[in-house]
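Peer 1: Please find the sequence and the predicted model below.
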Amino acid sequence: VQLQASGGGLVQAGGSLRLSCVASGRTANRYALGWFRQAPGAEREFVASISSSGFSTLYEDSVKGRFTISRDNGVNTVFPQMNSLKPEDTAVYFCAADPRGGSEYTSWGQGTLVTVSS
């Protein structure tokens, strides 16, 4: 599966952004999809994930209540809606695909930069 992320940009603290990631490939809708981020000088960290069916989601503690992840299997796209953004959310965001739903991500898209100004 190949992944194409988009939607990053510059936003003020308290604002919102909606990222998207299109998964292409014959079996793309069978993959769980996740989002990770990497801030400058930091390691990559998990942000959120959604199962292949869309019924199960998981969030990193710092984004719970602010980020919502959803997917549209008709167009093989996952959408993290990011609200109440904080400067510490500034990072390059990556989407990734997990073929077995076991949090083992085997395919990665290019990153999209999110910058939150204070």
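Peer 2: Looks like it arrived, so ask away.
Peer 1: Report the central residue of the chain.
Peer 2: Trp35 (3.0 Å; CA atoms, centre = their mean).
Peer 1: I'd say that one and Ile69 touch.
Peer 2: Yes: here Trp35 lies in contact with Ile69, judged by CB atoms under 8 Å, at a distance of 6.9 Å. The way it works is simple: take the backbone N, C-alpha and C, and place the C-beta from them, glycine included.
Peer 1: list residues touching both of the two?
Peer 2: Listed as contacting both Trp35 and Ile69 by CB atoms under 8 Å, 6 or more residues apart in numbering are Ala48, Ser49, Val78, Pro80.
Peer 1: pLDDT added to those residues, as JSON lines?
Peer 2: Conversion of the shared contacts of Trp35 and Ile69 to JSON lines gives the following (pLDDT from 0 to 100):
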{"residue": "Ala48", "pLDDT": "97"}
{"residue": "Ser49", "pLDDT": "97"}
{"residue": "Val78", "pLDDT": "93"}
{"residue": "Pro80", "pLDDT": "94"}
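Peer 1: Secondary structure and neighbour count added to the residues you listed, as JSON lines?
Peer 2: Listed next are the shared contacts of Trp35 and Ile69 as JSON lines, based on DSSP: H, G, I helix; E, B strand; the rest coil; neighbours: other CB atoms under 10 Å:
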{"residue": "Ala48", "secondary structure": "strand", "neighbour count": "21"}
{"residue": "Ser49", "secondary structure": "strand", "neighbour count": "24"}
{"residue": "Val78", "secondary structure": "strand", "neighbour count": "27"}
{"residue": "Pro80", "secondary structure": "strand", "neighbour count": "27"}
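Peer 1: With distance to Glu104 as added columns, please give those in a markdown table.
Peer 2: Below are the shared contacts of Trp35 and Ile69 laid out as a markdown table (distance: CB to CB, whole Å):
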| residue | distance to Glu104 |
| --- | --- |
| Ala48 | 16 |
| Ser49 | 11 |
| Val78 | 17 |
| Pro80 | 20 |
